[in-house]
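Q: Sequence first, predicted coordinates after that:
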There are 2 protein chains.
Amino acid sequence: MKKSFARATLGILAFSLATAASAQVKPEDQIKFRKAGYSFMSWNMGKIKANLDGSYDAAQVTAAANAIAAIANSGMGALYGPGTDKSIGDQKTRVKPELFQNMPEVGKLATNFNAATTELAKAAATGDAAAVKVAFGEVGKTCKACHDQFRMD
Amino acid sequence: MKKSFARATLGILAFSLATAASAQVKPEDQIKFRKAGYSFMSWNMGKIKANLDGSYDAAQVTAAANAIAAIANSGMGALYGPGTDKSIGDQKTRVKPELFQNMPEVGKLATNFNAATTELAKAAATGDAAAVKVAFGEVGKTCKACHDQFRMD
């Protein structure tokens, strides 16, 4: 299982960063940490949306976009290790088992997501709300692309 | 309550960013999001420690340090709004109620923490493991300073 997983993720650097360091994290903690990452990103997406819909605070949007981009690009693929394809005890996951059988596709989705968050952070740094609006929409699309395929309702 | 909280946090920008945007987040979600932020930072602190103790992967350390710094500097003070001083339903919090009565002190601790994470990210970007080790230790101290005073065991 471990070996075939490693093979499947070969070359998908955007999604997998399964070094010795991160391999030590227990499956239930991997689920906990990845959920934490998505949760914290969602808070920051909400802040950016509120800024786009209401009064625009460039500093807040930049801080939020930086958090999203840094979390997205932190190597979250390492949190999808063996044994994390279903809920473990208190750690519930909505991931579909199919994700683990489609690593090349997941790698593409993750690459798109990571790139979109990087663009969002760049747009935020310019202070141009119109550019942020476009980049924000692109991030949302890349979130949805993965949710549609690999997240349970 | 709301007004006195706002007054207490005036001038503590490092910790509070209670704009209209973030004020819309329900207390239980504020607790959820702040726990998510700390949880995700702890994963990344663990990765950096593993790199310092074992073989050093500068790219992984940089990504981890960037995530920590961006989360720390994302305005988490807004997640300590009214009603978040105790557990709500499923959302358990270990925060001591004293935190909410000591905002100037919390502001100082948060400023120190945020600055230490920024220094860690800068050190990581140089690729100098010795510098990262020092900066990592400083971040740990600023985590502990707040935990010792304002987190239950």
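A: That came in fine, so what should we check first?
Q: pLDDT score for the residue nearest to the spatial centre of chain A?
A: Nearest residue to the geometric centre of chain A (Cα atoms, centre = their mean): A:Ala72, 4.6 Å. Listed pLDDT for A:Ala72 reads 98.
Q: Spit out the contact partners of it.
A: Residues counted as contacts of A:Ala72 (Cβ atoms under 8 Å, 6 or more residues apart in numbering or on different chains) are A:41, A:113-114, A:117-118. In short, each C-beta sits where N, CA and C put it, glycine included.
Q: residues contacting A:Ile88?
A: Counted by Cβ under 8 Å, 6+ apart, A:Ile88 has contacts A:27-28, A:31.
Q: Write down the beta-bridge partners of it, one by one.
A: Assessed by DSSP bridges, A:Ile88 has beta-bridge partners A:Gln91.
Q: Give me the distance between it and chain B.
A: Per Cβ to the nearest Cβ, to the nearest Å, A:Ile88 is found 16 Å from chain B.
Q: Over to A:Gln91?
A: Distance of A:Gln91 to chain B, given as Cβ to the nearest Cβ: 12 Å.
Q: again, but for A:Tyr80
A: 13 Å.
Q: go on, A:Ala63?
A: With distances taken as Cβ to the nearest Cβ, A:Ala63 is found 5 Å from chain B.
Q: With pLDDT, neighbour count and secondary structure as added columns, please give the contacts of A:Ala72 in TSV.
A: Listed next are the contacts of A:Ala72 as TSV, based on pLDDT from 0 to 100; neighbours: other Cβ atoms under 10 Å in any protein chain shown; DSSP: H, G, I helix; E, B strand; the rest coil:
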residue	pLDDT	neighbour count	secondary structure
A:Met41	98	24	helix
A:Phe113	98	24	helix
A:Asn114	98	18	helix
A:Thr117	98	26	helix
A:Thr118	98	18	helix
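Q: tell me which of these is nearest to chain B?
A: A:Met41 (8.9 Å; Cβ to the nearest Cβ).
Q: So that closest one sits against A:Ile68, correct?
A: Yes. At 5.0 Å, A:Met41 and A:Ile68 qualify as touching, with contact defined as Cβ atoms under 8 Å.
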